[in-house]
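# Have a look; sequence and predicted model below, questions after that.
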Amino acid sequence: MRRFAWLVSMFCAALFSPPTQAGTVGPSDCASYTLAFYEHGVLYFKDSTGHYAGIDQDIVNELSKRSGCVFKRVLESRVRIWDQLSRQQLDISVSGIPNPERERYAEFMLYMQSRNYVMMRKDLSKQLSSPAAFMADMQRQVVVVKSFKHGATLDAWLEQLRAQQRVVEAPDFETALRVFKAGRVDAMLALPTTWSLLVRREAAQQQFDLLDWAPQDHILAGLIVSRQRVSEADRQRLRQALMSMRKDGTLDTIFKRHLGHELAQAMRLDPGVDAAP
């Protein structure tokens, strides 16, 4: 009788409880979100089998397992990603660099730091060995990926070059690389994540030098999560999942897999850096 009474009470509770609104999730469920990747070095690239791989893919796979969030994955250009995020037409993207404007519409959950280097042909690198030397030669041009941020020092240098119409802007990294390798420009900005892919793919160290013109710059980057389109509860799930990956060494393992030990150490966030800036 007791069990019968318990079953009746449970049935009545379910019968008379208010219905759940369509599209909502339970207390332990994460929703499904559209997440955009972009091709850029070993962050996201096609491997020798023609399948996509990379740091960002590995991080997203692990985030999905730990948070319970389901990601509909799409490939976009970086320009379209920022445009869609700013107009609240995209949920999440990866490896984004925060600034005050972007933080108005997105929360950044940091997972790595880096800085840009200047890539130049070996025959030019000794002649144009500093930002000032490059600036002084009015014929020299540099290519960058449109909408990318490069750190305070190099962004200030680029603004001076833009004023002289000496910056070529490409929609993505592969296009920028083709412009650079064709000799249409004299320099290109590259992160260790892009340099590593070039070394692996075409022995770039034999053709180009990597010049460290901004050793004081540290670029922080991470998951970009729409404040309007992703609920606070799900943002909290993603924060906790990412923090657990940082604490248990999973992020370090992913970096080492794609960059090797030395560069992986340089990518690790300093202990004092919060996941959310």
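Nice, thanks for sending it over.
# Just name whatever secondary elements the helix or strand containing residue 252 is in contact with.
Per DSSP states H and E: residue 252 is located in helix 250-259. Secondary-structure packing of helix 250-259 (3 or more Cβ pairs under 8 Å, 6 or more residues apart in numbering; DSSP states H and E): helix 55-67, strand 106-114, helix 192-202, helix 261-267. To be clear about C-beta, it is placed using only N, CA and C from the backbone, and glycine gets the same treatment.
# and among these, the most buried is which?
Compared across the helices and strands packed on helix 250-259, strand 106-114 shows the largest average neighbour count, a mean of 22 (mean count of other Cβ atoms under 10 Å).
# Where do the strands of the protein begin and end?
Counting by DSSP state E, the chain has strands at residues 32-37, 45-46, 52-53, 70-75, 92-96, 106-114, 117-121, 142-145, 167-170, 187-190, 208-211, 219-226.
# Put together a markdown table for those strands, with distance to residue 199 and mean pLDDT on each row.
A markdown table is the format used below for those (distance: least, Cβ to Cβ, whole Å; pLDDT from 0 to 100):
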| stretch | distance to residue 199 | mean pLDDT |
| --- | --- | --- |
| strand 32-37 | 22 | 98 |
| strand 45-46 | 13 | 92 |
| strand 52-53 | 16 | 96 |
| strand 70-75 | 24 | 98 |
| strand 92-96 | 19 | 97 |
| strand 106-114 | 16 | 96 |
| strand 117-121 | 11 | 94 |
| strand 142-145 | 19 | 95 |
| strand 167-170 | 21 | 96 |
| strand 187-190 | 11 | 93 |
| strand 208-211 | 10 | 90 |
| strand 219-226 | 20 | 95 |
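# could those be laid out in CSV, adding distance to residue 60?
As requested, these are exported to CSV (distance: least, Cβ to Cβ, whole Å):
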stretch, distance to residue 60
strand 32-37, 6
strand 45-46, 14
strand 52-53, 11
strand 70-75, 6
strand 92-96, 7
strand 106-114, 11
strand 117-121, 26
strand 142-145, 21
strand 167-170, 25
strand 187-190, 23
strand 208-211, 28
strand 219-226, 8
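# what about these, which gets the closest to residue 259?
For these, the distance to residue 259 is smallest for strand 106-114, at 10.1 Å, taking Cβ to Cβ.
# Centre of the chain to that closest one, how far?
Relative to its chain's centre, strand 106-114 lies at 8 Å (Cα atoms, centre = their mean, to the nearest Å).
# With that, I have no additional questions.
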